[in-house]
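> Requesting a structural model of the entry that follows:
(chains A, B, C and D)
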Number of protein chains: 2
Amino acid sequence: MSSEIDNSTQDTPEHLTLQEKVYQQLRLDIMLGNFEPGKAITIRGLAEELGTSPMPVREALRRLVAERALELLPNRRVTVPKMTAEKYRELADARVAMEALAARRAMAHITPDRLTDLRELDKEIDQAILRNDVETYLIKNMEFHFTLYQYGPSQIIMPLIESLWLQIGPFLKMAMRSKGLGTVEDQHQAAMKAIEDNDADSLSRAISLDILDGVNRLPDEEFDRIN
Amino acid sequence: MSSEIDNSTQDTPEHLTLQEKVYQQLRLDIMLGNFEPGKAITIRGLAEELGTSPMPVREALRRLVAERALELLPNRRVTVPKMTAEKYRELADARVAMEALAARRAMAHITPDRLTDLRELDKEIDQAILRNDVETYLIKNMEFHFTLYQYGPSQIIMPLIESLWLQIGPFLKMAMRSKGLGTVEDQHQAAMKAIEDNDADSLSRAISLDILDGVNRLPDEEFDRIN
DNA sequence: TAAATTTAGCTGTGATCACAAATTGAGACA
DNA sequence: TGTCTCAATTTGTGATCACAGCTAAATTTA
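Below you'll find the predicted structure:
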C-alpha cells in the first residue's frame, strides 16, 4: 500500500516536515483507491508501516479529515468515506459549478503555447481510450482539467477543486470500469474549440458536459454493492 | 479575545474532545475578526489563554489551516491570512457559484412553514438596516443564507460554503462599514418571490446579486490599507 | 548614532508516555 | 451451533519533553 517514507535530505532539498510527506503519501493512496472504504485507518498502524512515530501520521490524518478526503466516525475512527448515490450526485454538481467557473477564469490567460500543451494532453487521452486503458485515461484526464484551470491564477478555487477530486477520485475508476471507455464523447475537443473562439459560455458548457459524462457512468445500483 | 475553555461535563452532555471545543472557539474568534491579519498566532500562547495544554490547540490550528481559515506561512507560523483584492474577488466568484447551486437544490424542499421562517429573518434584516446596525445585519444575513441552503440536504456543498464564509467573513464587516447599510438593495425579497413562483433561475440570480451587492462594497483601495 | 553581531528566549515539530474508551476474541452458557 | 460475558488488547486523546531553527533584544563595533 504505502511504502516507507523516505526521509533522506537529498531528494527533498527544501526541508519538508515529516507530516507533510506523510500527507502527500496518504493523499496519493486515497486517490488511487488503495484504502478500502469503511475500513478503519489507525494512527499507530500507519506509523509503523511508514517507519515514523505516530505524531506526523496523526497530523496528516486530521488534515485529510478536514479536507474531507477522510471521515472521522463518531467512534473517533478514521476511514475513507463510503460513497452514496446522493453524495456522488452532489460532488458532480459541485464539480460542475466550480470547474465551469475555473475554466472561465482560465480562458483569458491561455496562450498559443498553452493551447498546444492541452492538445497534446488530449491526444494522449484519445490514445488511452483506443487502448481501453482506464488507468492512463483517468490520470491524463485529471491532468487536462488541472492544467487548464491552473492557467487562471487562483488561490481559492483551485484548492477547492482539488478537495472535490480527492473525494470523488477513488470512485471514478469504478465509474469507468462500469461502462467502459468505448462510449466516452470527447468534450475536450469542444472545449479547445471554445478557447480558440474565445467563447467562455461554450467552454464552461463543454467542461460541464465532460464532467457529467464521466460521472454519470456509475449507475445508482452500484453504490449498494460497495457497502 | 478568547476566554477560558469550559471543560465541565454538564453543558456538553455528549463528550466533546478538547480540540473540538478549541476549534469552535477559534472559529468564532476568526469569524468575528478578533485576530489581526498577519499577526502570528502561537500554540503555547493560545494554550495558556484557553487554559489547556498545547496539544488540543495544535490540532485545532492545523484543522483551521486545512480549512483555509488560517494560513501557514513558510516560516511555519500561523496567521489570519491578509486579504487582497484578487482573493476577495475570487472568494466572491466562488460564493456565487456554490451558493447559487445550493439555493437551487434547496428550493425543492421549501415548505410554507419554512418560507415563513425566511420571511421572519428577512424582516429582522430590514430592521437592522433601518437601525444601521451592521453587526446584527451581518449575523442575520448569514442566518438567512444558511437557513435557506440547509433546506436542501447536502453533505458536500454546505461545508464548502461554510469554508468560504470563514475566509471572507472577517472582511465583510469592513465592506459594510465602508459604504454603510443605507444603500443595500433587498435581494432577499426577490429570492422569496422566486421561491413562491418555483422559479429556480430567478432564485439563483437573486442570491448571486445579493452576494455581489454585499461584496462589491469594499473598493480595491481598501486592501492596501489593511496590510 | 547607526549598523553588525552575538545571545537569550521562544516557536513548531516530533517522540514518548499515561489513560479512558472502544474493540476484539476466547470462553461460558444456552 | 449460536449468544452472551468478560478480560486482554488496541485505539484516539491529551500531556510533557527534547531539540533545531527562528526572532528579537542586547551588546559590540565602526
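> Name the residues that touch stretch A:211-220?
For stretch A:211-220, contacts defined as CB atoms under 8 Å, 6 or more residues apart in numbering or on different chains pick out A:85, A:88, A:91-92, A:95-96, A:99, A:141, A:168, A:171-172, A:174-176, A:178-179, A:184-185, A:187. In this view, the C-beta of every residue, glycine as well, is placed from N, C-alpha and C.
> List, out of those residues, those positioned next to chain B.
residue A:91 (CB under 8 Å from any CB of the partner chain).
> by contact count, what packs against the strand or helix carrying residue A:160?
Following DSSP states H and E, one finds residue A:160 within helix A:157-179. In terms of contacts (3 or more CB pairs under 8 Å, 6 or more residues apart in numbering or on different chains; DSSP states H and E), helix A:157-179 is packed against helix A:18-31, helix A:85-107, helix A:134-151, helix A:200-215, helix A:221-226, helix B:85-107, helix B:157-179.
> Please identify the buried residues of it?
The neighbour-count check on helix A:157-179 (16 or more other CB atoms under 10 Å in any protein chain shown) flags A:157-158, A:160-176 as buried.
> what's the answer for stretch A:139-153, then?
Applying 16+ other CB under 10 Å to stretch A:139-153 flags A:139, A:140, A:141, A:144, A:145, A:148, A:149, A:151, A:152 as buried.
> Now flag whichever of these is closest to chain B.
residue A:152 (9.5 Å; CB to the nearest CB).
> What number of residues are in the vicinity of the closest residue to residue A:145 other than its chain neighbours?
Once flanking residues are discounted, residue A:145 sits nearest to residue A:99: 6.8 Å by CB to CB, 6 or more residues apart in numbering or on different chains. For residue A:99, the count of nearby residues is 26 (other CB atoms under 10 Å in any protein chain shown).
> which bits of chain A sit near chain B?
Chain A comes close to chain B at residues A:59, A:62-63, A:65-68, A:86-87, A:90-91, A:93-94, A:97-98, A:100-101, A:105, A:153-157, A:159-160, A:163-164, A:167, as judged by CB under 8 Å from any CB.
> show me which of those residues neighbour DNA strand C.
Contacts with DNA strand C within the residues of chain A next to chain B, counted by CB under 7 Å from any atom of the strand: residue A:59.
> ok, of the residues of chain A next to chain B, which come out buried?
For those, buried by 16+ other CB under 10 Å: A:59, A:62-63, A:65-68, A:87, A:90-91, A:93-94, A:97-98, A:100-101, A:105, A:154, A:156-157, A:160, A:163-164, A:167.
> Output stretch A:118-131 as CSV - backbone C-alpha positions only.
What follows is stretch A:118-131, C-alpha atoms only, in CSV (Å, rounded to 0.1, in the frame of the first residue of the first chain):
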residue,chain,number,x,y,z
LEU,A,118,-3.7,21.0,-24.0
ARG,A,119,-3.9,19.5,-27.4
GLU,A,120,-1.0,17.2,-26.6
LEU,A,121,-2.7,16.0,-23.5
ASP,A,122,-5.9,15.4,-25.4
LYS,A,123,-4.1,13.3,-27.9
GLU,A,124,-2.8,11.1,-25.1
ILE,A,125,-6.3,10.8,-23.8
ASP,A,126,-7.6,9.7,-27.1
GLN,A,127,-4.9,7.1,-27.4
ALA,A,128,-5.7,5.8,-23.9
ILE,A,129,-9.4,5.5,-24.9
LEU,A,130,-8.5,3.5,-28.0
ARG,A,131,-6.3,1.2,-25.9
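> Quick check: buried residues in it?
So for stretch A:118-131, counting by 16+ other CB under 10 Å, buried means A:118, A:121, A:122, A:124, A:125, A:126, A:128, A:129.
> So which of the residues you listed is the closest to chain B?
For those, the nearest to chain B is residue A:118 (22.5 Å; CB to the nearest CB).
> From DNA strand C, how far off is the closest one?
Using CB to the nearest atom of the strand, to the nearest Å, residue A:118 is found at 36 Å from DNA strand C.
> Is it correct that that residue is in contact with residue A:193?
No - the criterion here is CB atoms under 8 Å, and residue A:118 misses it with residue A:193 at 11.5 Å.
> Now do the contacts for the residue nearest the centre of chain A.
Among the residues of chain A, residue A:165 comes closest to the average C-alpha position under CA atoms, centre = their mean, at 3.2 Å. Residues in contact with residue A:165 (CB under 8 Å, 6+ apart) are A:31, A:95, A:142.
> Do you know the pLDDT at it?
Per-residue pLDDT puts residue A:165 at 95.
> how far away is it from DNA strand D?
According to CB to the nearest atom of the strand, residue A:165 stands 25 Å off from DNA strand D.
> Residue A:92 now?
From residue A:92 over to DNA strand D (counting by CB to the nearest atom of the strand), the distance is 31 Å.
> what's the neighbour count on the closest residue to that residue other than its chain neighbours?
Nearest non-adjacent residue to residue A:92, counting by CB to CB, 6+ apart: residue A:215, 4.3 Å away. Residue A:215: 19 surrounding residues under other CB under 10 Å.
> Over to the one 3 residues further on?
Per other CB under 10 Å, the neighbour tally for residue A:218 reads 22.
> does it sit in a helix, a strand or a coil?
coil (DSSP: H, G, I helix; E, B strand; the rest coil).
> Chain A - how does it break down into domains?
A:18-79, A:85-226 (automatic domain parsing).
> Save the ones you listed as JSON lines, and put in distance to residue B:203 too.
Shown next, in JSON lines, are the domains of chain A (distance: least, CB to CB, whole Å):
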{"stretch": "domain A:18-79", "distance to residue B:203": "27"}
{"stretch": "domain A:85-226", "distance to residue B:203": "15"}
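> Comparing those domains by mean pLDDT, which bottoms out?
domain A:85-226 (a mean of 90).
> what's near enough to touch the closest residue to residue A:125 other than its chain neighbours?
In this structure, residue A:125 finds its nearest non-sequential neighbour in residue A:140, 4.8 Å apart by CB to CB, 6+ apart. The neighbours of residue A:140, taking CB under 8 Å, 6+ apart as the test, are A:121, A:124, A:125, A:128.
> hang on, residue A:57 packs against residue A:25?
No - when contacts are counted by CB under 8 Å, residue A:57 is not listed as touching residue A:25 (9.9 Å).
> anything in contact with each of these two?
With CB under 8 Å, 6+ apart, residue A:57 and residue A:25 have common neighbours residue A:50.
> out of these two, which sits in the more crowded spot?
Between residue A:57 and residue A:25, residue A:57 has the larger neighbour count (other CB under 10 Å), namely 27 against 21.
> So the host helix or strand of that one, near DNA strand D or not?
Assigned by DSSP H and E, residue A:57 belongs to helix A:54-66. Yes - part of helix A:54-66 sits near DNA strand D under the criterion CB under 7 Å from any atom of the strand, namely A:54, A:58, A:62.
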